[in-house]
Structure formats: structure tokens, C-alpha cells
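Enquirer: prediction below, plus the sequence it came from.
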Amino acid sequence: MPPRESTGQDSITVEHLSPELTRRLYRDMRTARDLDTEAIALQRQGVFPAYVSVRGQEAAQVGGATALDPTRDFVFPTYREMAAALAYGVEMVGYMATHRALWHGGLYDVMDARFGAINAVVGGPVPHAVGWAIGERLRGGEGVAMAYFGDGASSEGDVHEAMNFAGVFTAPVIFFCQNNQWALSVPNHRQVAGGSIAARAQGYGIEGVLVDGNDVGAVHTATAKAVQRAREGGGPTVIEALTYRVEPHSTSDDSARYRDEEEAARWRERDPLTLLRAALVEAGHADEVDLDRIDAESAERAERIRDGVAEAPEPHGSELFTHVFRETTEELTRQHRTWQEEVEL
Amino acid sequence: MPPRESTGQDSITVEHLSPELTRRLYRDMRTARDLDTEAIALQRQGVFPAYVSVRGQEAAQVGGATALDPTRDFVFPTYREMAAALAYGVEMVGYMATHRALWHGGLYDVMDARFGAINAVVGGPVPHAVGWAIGERLRGGEGVAMAYFGDGASSEGDVHEAMNFAGVFTAPVIFFCQNNQWALSVPNHRQVAGGSIAARAQGYGIEGVLVDGNDVGAVHTATAKAVQRAREGGGPTVIEALTYRVEPHSTSDDSARYRDEEEAARWRERDPLTLLRAALVEAGHADEVDLDRIDAESAERAERIRDGVAEAPEPHGSELFTHVFRETTEELTRQHRTWQEEVEL
Amino acid sequence: MTELIERAAAPDPRGETVELSMQQAINRALRVLLAEDPKVLVFGEDVGALGGVFRVTDGLQKEFGAQRVFDTPLAESAIMGMAVGLAMNGLRPVPELQFDGFAYPAIDQIVNQVARMNYRTRGAAPMPITLRLPSFGGIQAPEHHGESLEALFAHTPGLKVVAPSDPGEAYGLLLQSVRSDDPVVYMEPKARYWDRRPVRLSEPTDPIGTSRIVRPGRHATLVAWGAMVHQCVRVAELAAEDGVELEVLDLRWLKPIDAAGLVASVSRTKRAVVVHEAPLTAGLGAEVATLITDGCFRELAAPVQRVTGFDVPYPAGPLESQYLPTIDRVLLAVQRTLEY
Amino acid sequence: MTELIERAAAPDPRGETVELSMQQAINRALRVLLAEDPKVLVFGEDVGALGGVFRVTDGLQKEFGAQRVFDTPLAESAIMGMAVGLAMNGLRPVPELQFDGFAYPAIDQIVNQVARMNYRTRGAAPMPITLRLPSFGGIQAPEHHGESLEALFAHTPGLKVVAPSDPGEAYGLLLQSVRSDDPVVYMEPKARYWDRRPVRLSEPTDPIGTSRIVRPGRHATLVAWGAMVHQCVRVAELAAEDGVELEVLDLRWLKPIDAAGLVASVSRTKRAVVVHEAPLTAGLGAEVATLITDGCFRELAAPVQRVTGFDVPYPAGPLESQYLPTIDRVLLAVQRTLEY
Ligand SMILES: Cc1ncc(C[n+]2csc(CCOP(=O)(O)OP(=O)(O)O)c2C)c(N)n1
Ligand SMILES: Cc1ncc(C[n+]2csc(CCOP(=O)(O)OP(=O)(O)O)c2C)c(N)n1
Ligand SMILES: [Mg+2]
Ligand SMILES: [Mg+2]
């Protein structure tokens, strides 16, 4: 584990992982990084009203998401899981649509993707993952639920209730905390009593793991182990991936008001992509030529997604009314008509 | 600690405590027991619509409450803290009024008593204790807040949020969990993942203590230590007093539907009053004559309280309107008038 | 699903008429639902071995097994959050929250998650959740055990809300609620749990969102739901002795509200009194009064009267009867509207 | 309290008129309150060093110290629960919940504890808590950042509720709210935070629970609060071009509601339109309409029109303007009531 105040001297290794996997990890992280950069640009151009960057957290997200099986597991994200979505195989134009404010939950099909709707309630989706996991056991399935949440979210009552339920029901669920050391303007030591979310696991009689969130191999391995245990009926795991939010909370935020940007700069030095690139070469899993090719492909894919989301049509106003219920009501039909007569025209 | 499945062979000692204190503990527990018995009788006679018994939990409650200083500390109870209220010095006719359904929060003056209103929201008052304690530090006072709650309450989000706040603010607060092993019909192993509420404390970086809740001396000593630490700025403590709810959840409950009453019978054998009586004699802190005298005085006091509450006048209907606001509103005054014209007459 | 299907038992004999209390009728409906659909799950605090504090789930765990009928830890928000996850895994959750006042800790999950997941996912993740909520007052219970949350639920887009008034209604409306693919808050009037009536164990035929006339009349319409329907029927019986014929309309669906039914009745009677237990201000009575006024503006002979709980927290025992709409208060309101 | 008193700074120069945005006006009022009463505490998520996501608490921590203006962990229920405990220790808490939609996790503490502690303790433990809640929509924000919870708060006995519509109002109403010994939910219309107006830094003179006429008129009354007041003024300006004189009534206090003020205005104009952002059904518009109908039954020339958000969850960006009451919709409602 790196110290919370990293010096930037560290390196990682991926020798224990297959070349294919590590190249995939690199590709996903690279694409996510490029897409993140495109997204910030779109926000500056006024195409996105706001954007929450995942920069610096790509290893934590990709390492975790790639340990899951998208054909039988299910992910419950927050609003900051772009790299996880990408690595898990979510249709990314639909995902990014949330940032263009086209539809709050995004425009991808969540059931198809097995990746829940983008959720802005901090802590709110964590009990959903537990419910899904309990349902999976009742159905006799082997799927595992993964709940992403932040260090700030760990303060919410829902996260506690969810962990306790998971322990009592031995639910196949992974509580994946990306501890990026900031919850908007509040640092860990004013947020997380005791200092560690992984340490809380013990109080629920469940497994807790603290992992270097900038070491994608370590995250992947720890998650894969937790997934396997959950699949085999061994119950939940809390994974705390220690990383850092190098960007402001969102494009609307001004982090210089509350933190020493030197700290962010030190963490930028410990960039998970740079670490992985060096480790890939070191392990002989890829050479610079391979990596440059991946870089080029990733940039291209990120651009395609960017163009897709920038050009996506705005939802029609009728959609306000059509998704409220499965079986709509007369009153809503009447309001829909009012809207057509008084607003649409 | 006794095993959770007690055999009833245990004994306790009070040699480390002063004779005065132990006799006081005995008196308060005895009076609470007698008052509990009177209350059950009142419920059977139809004077109380329902009652929640504290039988078997007198040591946990009295041991804790007597470690506090009622001139500067503040207690935040649930609905089952009759013995604590009595030991703390609350005016007991006013306290018992809640069980006659005269007024939900009781009729004692909570600010005067420094003992919060009876609170029926499981987990709800726990953050109040933390807020009070944070306020006490801001004011430069030396008071300590004590939050009582049950094993079932430990599952609520509010309890987690409160513990985390207490840890972050180093608040002088004691989280006193009476683990009576049942939350209505649900036993510990279906309620408390990991099995121990005291063990949760570590996850918040705060002190956690598991104590035999039927050993009044042990409870008193553990609480006194926690109070001292809190007063000196050492922050919060979680105390889990392991005891047993020997009666049904309330007089409306039928516990035979969900538990083996043999278990309750075994715990009845380990009655905290019987244990204390034997220990008092053993330590030479009192003899049978002293104890019989205390018994007689306690019975008499319990009867006086019983008569007081049975005879207390019903609140006037006007009180519906007079306590809603400090500065009432015209609308409410109008409704008060409607009530006078249409209901009172 | 095989494991679950094996546990399913034979459904109720249909069409038969039996005398049941409301609490038994709900129990019967739950048995039908558990038996007919292996995806139905019943859970909450103390609903298992105990059978619920009102015995509404009595025997269900024994009959359908502890996988389909189970106790949860004591945490309302997680109970509703868990329901969301179960629904996303294809199940049909029927959670109970033990009492009205303890729905508040779950409001975030209900409003921000349950009510809008179908919308948020553009129909991909429907929420066929029926929240059973013992509701309203009248039983001299402790604090937070006598609350009326219907205005809050009715104001929440994405929820449907229903409050049955008698055992037969309770049976049919629960079948309808649980079979619906939309989230429904099913508010059980505690004060009527022990009310025994003949119940026809039949399929509900009225669509969701329709009210019903419990007693026809021509001088004024009394609008109510839950236990207040019974109160209004008593008022109508008393008024009838003086020759005043009051129509009693059981609104039952509190979202969607049967505006057409309200307007049809009041167009005939020209006068209306709405009665509810919740406090006056911003209560559902205001919505009912507004819908009636909108639809019957020219016919209305007097403003719609509201007889409701006062704007005070629900009180303890002896004061309860001073808070709830009394027969006298409703009669006075009827008189006011007739003499307007 | 010495420690706290030492940190108190000099209050604002009173009586002066300065141009301020609403967000600055609230900041000024908070400074006055922190300075005049050492018991006042400001806390919540990100209100300290950051100064709040809308900079409403900007500079307060620096000026009054981290003991009186502080960040809490991210847990809304505990923030309000903590406020209860602070109040019981004699302090005067002014918590912020970051956004309307995140008040839901705190609703249990607000409804079951804050609103009824004074009642539960028969006046022994008053709750002089002012909850500052950035509210309503109009800024194309993420989900849960555009909600209108006034109906829920107004329906809760024991709460007072206010929503200012401009900087001057915001200043005076906050002074009044925090100085009151009752709990007040102070709903800040986010869409108006940057609206700059001349503000007289004076003591409020109108009592709690009074509305105000923003623009007089005689053909119909538009009733609104928060950002919709501004919308109604624009409607009135447009209507004036056609010779229609609309009165705009800023309700501002949503509990207690100024029934007398509503009735006085509509008795003159004979017609009313109520405009709010919250969904239609069981919204506060129904209460307003009912109060007007009750008080002006014989004078009313048309049913009170409601122009509100639709019964759908608050939508994202481009759909926001399709959801919120538009000028056209209000104008059409005015026309309907004039032609009724
Ligand atoms: C229940 C709730 N409260 C408050 C907010 C406002 N808010 C959005 S993000 C955030 C900080 C979250 O921090 P953390 O959980 O650490 O996640 P991160 O943003 O660092 O990924 C806050 C306070 C919210 N979205 N939901
Ligand atoms: C928030 C809330 N949910 C549910 C209830 C109903 N209820 C009352 S007591 C109880 C069990 C509480 O168990 P525990 O916390 O262990 O306390 P004990 O009764 O054993 O003293 C329940 C479920 C409640 N009062 N409050
Ligand atoms: Mg964070
Ligand atoms: Mg217990």
C-alpha cells in the first residue's frame, strides 16, 4: 500500500497476470482516460452542463469491473463510474448521455448491460446491490452484485444497513469503496471515523480488504478473489481501494478553496496508467509499439463515443409521461395532452 | 461474560464497590422490579393500554445510569428505560404516564431531569446524544451524553451515522447498547451481523466494551470508566451490556410464537437482583435485615408511583394545540376554537 | 426458480364467500399471491415466525418457507432498498414496514429510488413492489403508530396508493396491487383489522383508480378512505334518521384519484364533505376538494367542507378521540354545507 | 459560552441599501445572526472551507471559526439528528442540507423528531432550528437537485416553512426564521441565487405567516412562491400589454399560510391562478385553491386554476423547461379563468 501522502516513487507489477488481461486493462484504462479528457472538453464547450471526472481512478474502476462476469453479475454504480462502465461493456454513448443531461439515469439499457442506472443519491444504491444478491441466492443463481460507493458515502446510514443485511443473509455482494480521499471538500479524516472503510467489515463479521487503488493488478486480484468467494457462497466482502481524486469534485467545483493542490499534484505523479504502462513493459507483456497502437485505437474509440454523445438527439418531451408507470393512468394521460397542447406547440 | 446461553450457575461480586453504592444499586433495581410488576398488573387491569417490561434488564440500566452525574450529564432513552430513569432520578409518576398513554413523551420535565423524552423511534434518539455532546464541547462544558439503544436498533442507519459523527468530532458520548438478545421476534443471529455491537466500535476508531449486563457492578464500573474518559476529552465509547429480555416484547406480544421459553427461563434463573443480593451479603455490604428493609421501602415507593400514575388527571384536550409551537399561529388558534366548539362540548 | 416453485401451495378456493376480518382477508390474499407466483416474496420486521405484530402474515412462513417469507433486520431504509434490488433481479417484493411512522426512515428509498427507477431506466427496470403499511390511527397506540402518510405518497410521481376500507376490499385490492407492475403503497387501516365481514374470494373487477359508492344518497357526498369510510357510513345512518340522505364515496385509490367518480357524485348531490385522519393543511382533502370544485364549479352549492385531523402531531390515548374526525364534526360539516 | 462569544464579529451596518444577489443576501443574514448570537451554529456538508456548493456560506468559517461554522460527514439524517441534540443543549442550529432531494434521507429526523420535540416535551425542549434547503429546479442540475418538498413540510405539524423570492426577502426572512424559537424549513430557490437586487439591510417587519403583493392588479390574482414569483411577474408584464392587470401575490410563508391575504386579494380580483414547480397532485396548490375557494366562494368567477409541474419525476436538462410552468401555460390559465 502506498502512504496516503504518496511520494510518487512507487511502481507496480503485473507479472502475476496474463498478458492478454493486462493489455485489456491497459486498453480500458486508456480509453477511459481519453474519454474523460474529451468529456472535460465537451463541458468547456458547453455541450455538457457539468461533468465528474474519473481521472486517476481508472485502475480502481477497471481493476474491479474486469473481475466480474457481465453475463451473470450485476453492477450498481454511483455517478462516477465511467471507467467501470466502459470496462464492463456498457454502451458508452448511452452512458455519457447522462452528462449531457439527456436523461438522468443514462440512455443505455440497464438490464441488458447488467449495470444499474447512474445514481446520484450518495449511498442510495448500495442496499439495491444487497437486495439483488439476496434475490440471486433465492433464485439459485451464481451471480454476484457489486456496489460502488465513495469514502463520503460510507458515512450514510444506508451503507451500514446494507452491510449488516449482507452479513445476516450471507449475500453474494461486493462493497467496492473507491476511497479517493475526498468527498467533495471534506477529507477522509473529517469523514471516516477510524480512517478505514475496510476495517468496518470486521464489525459485520465479513471480509475486509484494503488495496492500492492505483495498482490495477492488485485491485483486479483482490476483486477476483472476493467474486469467487461470493460465488461459492462465502458471502460479502468490503474492498477499499485507496486512490485519489486528482481533479476537482466536478467541473463546477473549485478545489483550490479547500485543499492544497500540491497533494493532488503528487498523486498525479502516481498516475495509474503510467504505472501500468511501465509494468507491462517490465513484465514483457507488451512493448512500446503495442502500447502506442492501443493508445491510438483508444483515442479513436473515445472520439467516436464523444461524437456519438454530442450528436445524440434530445429525448422527446413525451418521454416525460411515458416512463412514469408501466400501466399509465388517466390523469397522466390528461397531463400529457395538456403538455401537447400548451407546451409542445 | 456469561455464555449467551447461560446455565444459571454464575455469581457476581461487588467487592470492588462501596457499600453505599451497592446498597443504592440494590434499592434502585428492587424498586424498578416492583414498579415493573405493578405496571404489568395495571396493564392487566386495563389502566395501561400496553406496557414494555424491563424485567431482567435492571442491572444493565441501573448500573449505567448511576455512573452518570444527573447535574451535568444528559440521557437519551428509548421506550424501555424505566429502571434507568428511576436510578437517574426522574420523577417517576411523570415517567410512567407514557404507559397510561397520557402523553407520548411522558409527563416529566425532560430539561429539568436531564433525561430526554421517551422515544419510540428505534435508533432515532442516538444522533441526538451525539449532537448534545458536540454542543457540550462547544460550550466548554464537562457533561457527557448517554444514548440507550437496543440490539435491534443497532441495525438502523442512524446508529451508524451517529457513531461516525461521534468519532469524527471526538464527542463525549456513550453508546449504551442493551443487548437483550431479541428485537421483538428477531434473535441476535438474524439481526446483528458479526454478532457483537461492541465490536463495531473499532471500525470507528472508538473504544468498544462488552460487559455482562446482569452484573450490575461490572456495568457500573465499565460505564464509569467510559464517562471519565469522555469527560476528559477522550471521546466516545460503545458499551454492549449483554442481558436478556425475559418477558415478551410488550404486554401485546406473544413470545411463545417465536422462541423457546426455556431459554427465557434459564435467564430468569440468572436474575440480576438475585445475583446482586447474594453478592451484597457475600461482600458484607449488607445483611438480610438491611435488604428486607430496602425491599419493604422499595415496594412502598413502587406502590406510591403506581397510585400516582393511576390517579393522574388526563391532559386537557387544549394541550393538543398549545404545545405544537412556541409561537402559535392564527391557523392553529382557529383550529383550537373549532375544537372547543365542535369537540369539547 | 425451481426451488421456489416447489414451495408454492394451492391457491384459495375462488368465488367462495367466507366471513373474515380485514387482517385475515389480507392474509388470504397474500397466500393466493404467494401460491400463484413463485416470484412473490414477503418480508419485513417480524413477519416470519411471529406473523407480524397484527398477525397479518400469520402462518405464511410455515406454508411457503423461510426463503419466501422472512424477517429482516430492523432497518426500514434497507428493507425498501432491498426491494429495489430484488425487483431488478426479477422478483416481486411485498415488503411490510411495521407502522406508518416508521416509513419515514425509508422515504428516501421510496421516493428517490422505488418511485422513479422505472422512469430513470426508461422502463427497463420496473418496480413491481407492493409496500404494505399498517396505517392511520384509532387504536390508542404509542407515538408514531397512528400516522397518515397518504398525501406524501400521492404527491410522489411514480407511486400508486390505495387504502382499503373493509375486508372484501382489502382482499381484492391487494391482489390487484401485487399483480401490478408498478409500485403500490397499500395502506392498511389498523383500526379496521378486526372488522369481520363476509368476503367473496373473487378477482377484483374494478380497474385501478376507481372509487366506489358505499351508500347512495342525494343531499351531499361524504368522501373518505380507510377507517373514515366506516365513520362516514355511521354519519349517513344518523343523518338518514333526520331525512338527510348522504352519499358515501370510498375513494380507496389515493393515486390515481378517481376525479370522474368524485365529479359524477357531487354533480348529483351538489355538496361534498371530505373526511380524513391526516392533519388539515396540505392534506389529501385539499386535492379532493380542488378536483370536485374544478369539475362541479357551477353545480356546487357550497364550498367543499374538510373534516380532518388537526394540524398537531398525532396524540396519545385519551386525546386520540379529540383529534380524529368525530361523528359530530362530520354532522356539523354536513349541516354547514346544507345551510350554506 | 465565552469561547463562542469571543469569535463573534460586528454585525452588518443596518438600514443601508446595497445591491446583492440572493446568495450574497443569505450570506449577509447568516453573518448578522452568527455575530448577534453566540448560540447560532452553521453546519452541513461542505459549508466550511468550500463555503457551500453555492457559496452561500462563503467566508463564514474564516470569520466565525471552525467551531461555529463546520463541515459534517456526509449523512443527512445525522445532520438533523445532531441539530436536535444541539438544540437540547441550548444552541440555535442552522443546518444546511445540500439539495432538496437529499432532504429525503433526513425526513425521519425532521418529521418524527425536529417537528415534534417541543410537543412531545410539552414545551420543555423547543427546537429553534432553521434548516436551510437549496430547493426547486431551473438550473439543469443532476437528478434530485430540482425537487420541491414544500407540500411535505407544510403538511407536517410543528414545522414552519418559508420560501423567499428575491434577495431582500431572503435577507429578512432568514433573520426572522433563525430568531424564531420554532423549527423553520427555509427553502432557497436555487434558480434565483444569482439574481441581483438592491437590498435594504433592515429588520423584517411583517409577521411570520404574512404574504405580500408583489404587483397589484384587478383582473386575476397569480399566487406563487420562490422562483415562480418571478415567472408570474413576467406573465403579469406580458398580460399588461393586452390590458389585463394581474395581481401577483408572493405567498412566501408556506406554513402558516396567509389565508386572509389570499382571500383579500381574490375577493377583489374574483379569479386566481396558483403556480408551483412541484407536481400537481397533492401539491400545495390544492391547499391554496381550497383556502381561496373557502374564503371567496360566492365571489369566485371561475375555479382556481393550477399551473404546476406535471406528475412525473423531475427531468434532466433539456426536458426541464418542458416540465416547469412556462409563461405560456400561465397565460393560458389566465385566459381560461377570464373566459370561464
Ligand atoms: C444523499 C446525498 N447527499 C449529498 C449529495 C451531494 N454530493 C454529491 S457527491 C458528494 C460527495 C461524495 O463523496 P464520495 O462518496 O467520497 O464520492 P466521490 O465524489 O469522491 O466519488 C456530495 C456531498 C448527494 N449526491 N447525495
Ligand atoms: C424505526 C422503528 N422501526 C420499527 C419499530 C417497531 N419496533 C418497536 S420495538 C422493536 C424492536 C426493538 O428491538 P431492540 O432495539 O433490540 O430493543 P428492545 O425492544 O429489545 O429493548 C420494533 C421493531 C420502531 N419502534 N421504530
Ligand atoms: Mg470520495
Ligand atoms: Mg433487544
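Expert: Noted; the coordinates are in hand. Residues are numbered from 1 along each chain as shown, chains lettered A, B, ... in the order given. Ligands and ions are numbered 1, 2, ... in the order given.

Enquirer: distance of residue C:264 relative to chain B?
Expert: Residue C:264 sits 30 Å away from chain B, going by Cβ to the nearest Cβ, to the nearest Å. Heads up, the C-betas are built off the backbone N, CA and C, glycines and all.

Enquirer: that residue looks like it's in a strand, true?
Expert: No: judged by DSSP: H, G, I helix; E, B strand; the rest coil, residue C:264 forms no part of a strand; its state is helix.

Enquirer: for residue C:330, see how far away it is.
Expert: With distances taken as Cβ to Cβ, to the nearest Å, residue C:264 is found 22 Å from residue C:330.

Enquirer: ditto for residue A:318
Expert: Taking Cβ to Cβ, one finds residue A:318 at 43 Å from residue C:330.

Enquirer: give me the more crowded residue out of these two.
Expert: Neighbours were counted for residue A:318 and for residue C:330 using other Cβ atoms under 10 Å in any protein chain shown; residue C:330 has more, 26 against 13.

Enquirer: how about the contacts made by the more buried one?
Expert: C:222, C:231-232, C:235, C:273, C:275, C:307 (Cβ atoms under 8 Å, 6 or more residues apart in numbering or on different chains).

Enquirer: quick check, distance from the host helix or strand of it to the centre of its chain.
Expert: Using DSSP states H and E, residue C:330 sits within helix C:327-339. Relative to its chain's centre, helix C:327-339 lies at 26 Å (Cα atoms, centre = their mean, to the nearest Å).

Enquirer: what comes up buried for it?
Expert: Residues C:329-334, C:337-338 are the ones in helix C:327-339 that count as buried (16 or more other Cβ atoms under 10 Å in any protein chain shown).

Enquirer: what is the burial count for residue C:137?
Expert: Based on other Cβ under 10 Å, the number of other residues close to residue C:137 is 25.

Enquirer: could you look up the SS state of the closest residue to residue A:112 other than its chain neighbours?
Expert: Excluding the flanking residues, the one nearest residue A:112 by Cβ to Cβ, 6 or more residues apart in numbering or on different chains is residue C:124, at 7.4 Å. Under three-state DSSP, residue C:124 falls in the coil class.

Enquirer: how about the residues of chain C near chain B?
Expert: Residues of chain C found near chain B, taking Cβ under 8 Å from any Cβ of the partner chain as the criterion, are C:45-46, C:48-51, C:53, C:71, C:73-75, C:77-78, C:101-102, C:105, C:140-145, C:280-281, C:310-313, C:315-319, C:322-323, C:326, C:328-329, C:332.

Enquirer: what subset of these is buried?
Expert: So, by 16+ other Cβ under 10 Å, the buried ones in the residues of chain C next to chain B are C:45-46, C:48-51, C:53, C:71, C:73-75, C:77-78, C:101-102, C:105, C:140-145, C:280-281, C:310-313, C:315-317, C:319, C:322-323, C:326, C:329, C:332.

Enquirer: what residues are up against the residue of the stretch 151-300 of chain C at minimum distance from ligand 4?
Expert: Residue nearest to ligand 4 within the stretch 151-300 of chain C: residue C:190 (23.6 Å; Cβ to the ion). Residues near residue C:190 by Cβ under 8 Å, 6+ apart: C:54, C:134-139, C:141, C:145, C:227.

Enquirer: tabulate those residues (CSV), appending distance to residue A:238 and secondary structure.
Expert: Below are the contacts of residue C:190 laid out as CSV (distance: Cβ to Cβ, whole Å; DSSP: H, G, I helix; E, B strand; the rest coil):
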residue, distance to residue A:238, secondary structure
C:54, 37, coil
C:134, 35, strand
C:135, 37, strand
C:136, 41, coil
C:137, 42, coil
C:138, 45, coil
C:139, 42, coil
C:141, 39, coil
C:145, 36, coil
C:227, 46, helix
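
Enquirer: between these, which is nearest ligand 2?
Expert: Using Cβ to the nearest ligand atom, residue C:145 comes nearest to ligand 2 of the contacts of residue C:190, at 8.2 Å.

Enquirer: how close does the closest one sit to residue B:101?
Expert: The gap separating residue C:145 from residue B:101 is 11 Å, by Cβ to Cβ.

Enquirer: against which helices or strands is the helix or strand harbouring residue C:285 packed?
Expert: Per DSSP H and E: residue C:285 is located in helix C:284-295. Judged by 3 or more Cβ pairs under 8 Å, 6 or more residues apart in numbering or on different chains; DSSP states H and E, the packing partners of helix C:284-295 are helix C:150-154, helix C:259-269, strand C:272-279, strand C:305-309, helix D:284-295.

Enquirer: could I get the fourth one in PDB with only the CA atoms?
Expert: By that I understand strand C:305-309. Coordinates of the C-alpha atoms in strand C:305-309 are reproduced here as PDB (Å, rounded to 0.1, in the frame of the first residue of the first chain):
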ATOM      1  CA  GLN C 305     -66.000  21.000   3.600                       C
ATOM      2  CA  ARG C 306     -63.000  19.400   5.100                       C
ATOM      3  CA  VAL C 307     -63.200  17.400   8.400                       C
ATOM      4  CA  THR C 308     -59.700  16.200   9.200                       C
ATOM      5  CA  GLY C 309     -57.200  15.700  12.000                       C
END
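
Enquirer: might you calculate how far that strand sits from the centre of the chain?
Expert: That offset, for strand C:305-309, works out to 18 Å (Cα atoms, centre = their mean).
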